[in-house]
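# coordinates for the following, if possible.
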Amino acid sequence: MDWVLIVVVGVLFVAMIAMQFVSAKKSKKKQEEMQNKMVVGTEIMTVGGIVGKIVAIDPQKGTVTISTGESGMEITFVKQAIRDIRSEAVVNTIPAKKEEIPQEESKEENADEQK
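Below is the predicted model of the structure:
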């Protein structure tokens, strides 16, 4: 009876350790995805609760410079200090052009209308 209890406790302990590794791996992947989505103009919040827009990113140093408030004060943080992306930057604001009708089709339509 004693060995059964030891085996059950051992299995539970191993399962708990495995779940911690899986959870840590998911958290790290989520953090990396968030850091890859950061571009100039993205509104972020730091782990200290400071909110601002990214004005510069230095990939060599692994830092992000943000502008906070109306005063425009700039603060530099390491990328790991970014907790959350509050709103993503608008990258493409120009609407796509409408397709132009080829000249041949336009001529055919005009000929049909005249008949």
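# let me see the mean pLDDT of the strand or helix carrying Arg83.
Assigned by DSSP states H and E, Arg83 belongs to strand 82-87. For strand 82-87, the mean pLDDT works out to 86.
# in the chain, which spans are strands?
43-46, 51-58, 63-68, 73-78, 82-87 (DSSP state E).
# buried stuff in the first one?
What that stands for is strand 43-46. 44, 46 (16 or more other Cβ atoms under 10 Å). Any C-beta I mention is one placed from the backbone N, CA and C, and that applies to glycine too.
# pLDDT on that strand, on average?
Averaging pLDDT along strand 43-46 gives 91.
# quick one: strands adjacent to it?
If you go by DSSP bridges, strand 43-46 pairs up with strand 51-58 (antiparallel), strand 82-87 (antiparallel).
# and the longest one, average pLDDT?
Spelled out, it's strand 51-58. 91.
# which residues touch it?
38-45, 63-69, 74-75, 86, 89 (Cβ atoms under 8 Å, 6 or more residues apart in numbering).
# burial measure for Phe77, as a count.
The number of residues packed near Phe77 is 19, by other Cβ atoms under 10 Å.
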